[in-house]
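Undergrad: Take a look and give me a structure for this.
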Amino acid sequence: MHELPQTRDLATFVKVIEAGGFAEAGRHLGVAPSTLSRAVTRLELQLGATLLRRSTRAIELTAEGRDLLVAAQDIVTRTESLADLAAQGRAPRGPLRVNAPAGFVLHVIAPQLVEFHARFPEVEVTLDMTDRLVDLIDSHADVAIRFGRLADSEVLQRPLGRTPWRLVAAPSYLDRAGLPDRPEALGQLRQVRFTAPSHINGLHFEGLSGPVDVPASVYAENGEAVRSLILGGMGIARLSEFMVAEDIAAGRLVSLFPDRLLADPLEITALYLTRTSGLRRLAVFLEWLSEKLSRTGA
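TA: Residues are numbered from 1 along each chain as shown. Prediction:
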């Protein structure tokens, strides 16, 4: 009678496949790749089958490996769910690294994180800010928050909400350049533009057959830089509502033609590798963030 594989070895096998290799999985788990390799070899010996074809650059599943992966993922998921049930009486704890665009950190997460900390004081949050899509393993991030429609991938995704766009300008700029009375008149102003993605700069309005072309005054690579330039009077720009809602309420910015601006709401998504059922600190953080966004109308 064959010895049954250990759940830990099955979990290692799943992690290696999800990460795309031993080195990547080792970096994410904080263990030597040789340790992971021994766990997979142990599985192969126990099952009497070759699971992976290995080279210096890549791994490839055999037919037996593909069959085992399906079964192993189911076993690991069920085991993590049982562990989660057993931990329900204990407060979530441990490190949680969050990667998100600077504007989202500064205007959504940071101002309200004190509430999360009060609720879960043993979760140690680290905030990394970058607008580019990061490799979760290389960046050591447990979760990344990203905007817009994302390509299909093996990374786990959870929609958190959507936020509308606002076309805004500083009152001081409008005093100098003139307050337009219709969208077509925006062409007489200047626009602070994103270097990428360029589609954010497009200005479409209800009742007009095409976009309104507004000459650029300056380009910037992220939303926080664009917001600062707008507050400084450099022109108009299209920004997500969560970045400018307080500025509009305080009179620092004016929202232009909010009822006629045509722009699909910006989707906000969490990306992560580890199932939330197996990492309670990630699960409670995403629940808290979803709650925050729902309160703000996102």
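
Undergrad: burial count for R42?
TA: Applying other CB atoms under 10 Å, we find 16 residues neighbouring R42. C-beta coordinates here come from the backbone N, C-alpha and C atoms, glycine included.

Undergrad: Contacts for the lowest-mean-pLDDT helix or strand in the chain, please.
TA: Between all helices and strands in the chain, the lowest mean by mean pLDDT, DSSP states H and E belongs to helix 63-86, at a mean of 76. Defining contact as CB atoms under 8 Å, 6 or more residues apart in numbering, one finds that helix 63-86 is touched by 7, 10-11, 13-14, 17, 43, 47, 49-52, 61, 275, 277-278, 280, 283.

Undergrad: in the protein, which spans are helices?
TA: Remark: helices assigned in the chain by DSSP state H are 7-19, 22-29, 33-47, 63-86, 102-104, 113-119, 171-177, 223-231, 241-250, 280-295.

Undergrad: Tell me which of these lies nearest to L96.
TA: Closest of those to L96 is helix 280-295, at 4.9 Å (criterion: CB to CB).

Undergrad: List the buried residues in that closest one.
TA: By 16 or more other CB atoms under 10 Å, the buried positions in helix 280-295 come out as R280, R281, L282, A283, V284, F285, L286, W288, L289, S290, K292, L293.

Undergrad: likewise stretch 166-186?
TA: Going by neighbour count (16+ other CB under 10 Å), the buried part of stretch 166-186 is R166, L167, V168, A169, A170, Y173, L174, P180, P183, L186.

Undergrad: Pull up the gap between the second one and V212, please.
TA: Right, L167. Distance of L167 to V212, computed by CB to CB, to the nearest Å: 10 Å.

Undergrad: Ok, the fourth one next?
TA: According to CB to CB, A169 stands 14 Å off from V212.

Undergrad: Pull the most distant pair out of the buried residues of stretch 166-186.
TA: Spanning the widest gap among the buried residues of stretch 166-186 are A170 and P183, at 18.8 Å by CB to CB.

Undergrad: Check what pLDDT P5 gets.
TA: Looking at P5, its pLDDT reads 73.

Undergrad: Oh, that last question was meant for R166, not what I typed.
TA: With respect to pLDDT, R166 scores 97.

Undergrad: Just list the residues touching it, thanks.
TA: Under the criterion of CB under 8 Å, 6+ apart, the neighbours of R166 are R238, L239, S240, E241, V244, I248, S255, P258, L261.

Undergrad: do D213 as well
TA: Each residue near D213 by CB under 8 Å, 6+ apart is listed here: G187.

Undergrad: before we move on, the earlier item: what's the closest of the buried residues of stretch 166-186 to A144?
TA: The closest of these, once distances to A144 are taken by CB to CB, is R166, at 24.8 Å.

Undergrad: any idea how far E224 is from the closest residue to T130 other than its chain neighbours?
TA: The shortest distance from T130 to any non-neighbouring residue, by CB to CB, 6 or more residues apart in numbering, is to N99 (6.5 Å). Separation of N99 from E224 (CB to CB): 15 Å.

Undergrad: Counting neighbours around each, name which of these two comes out higher.
TA: The neighbour comparison of N99 against E224 (other CB under 10 Å) goes to N99, with 23 against 20.

Undergrad: The more buried one against L133, yeah?
TA: No. Contact criterion CB atoms under 8 Å: N99 and L133 do not qualify, at 9.6 Å.

Undergrad: so what's in contact with those two at the same time?
TA: Joint contacts of N99 and L133 (CB under 8 Å, 6+ apart) are A144.

Undergrad: Could I get the helices of the chain in a markdown table, plus columns for distance to F147?
TA: Converted to a markdown table, the helices of the chain look like this (distance: least, CB to CB, whole Å):
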| stretch | distance to F147 |
| --- | --- |
| helix 7-19 | 24 |
| helix 22-29 | 24 |
| helix 33-47 | 34 |
| helix 63-86 | 29 |
| helix 102-104 | 8 |
| helix 113-119 | 19 |
| helix 171-177 | 26 |
| helix 223-231 | 9 |
| helix 241-250 | 10 |
| helix 280-295 | 12 |
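
Undergrad: Cool, thanks, signing off.
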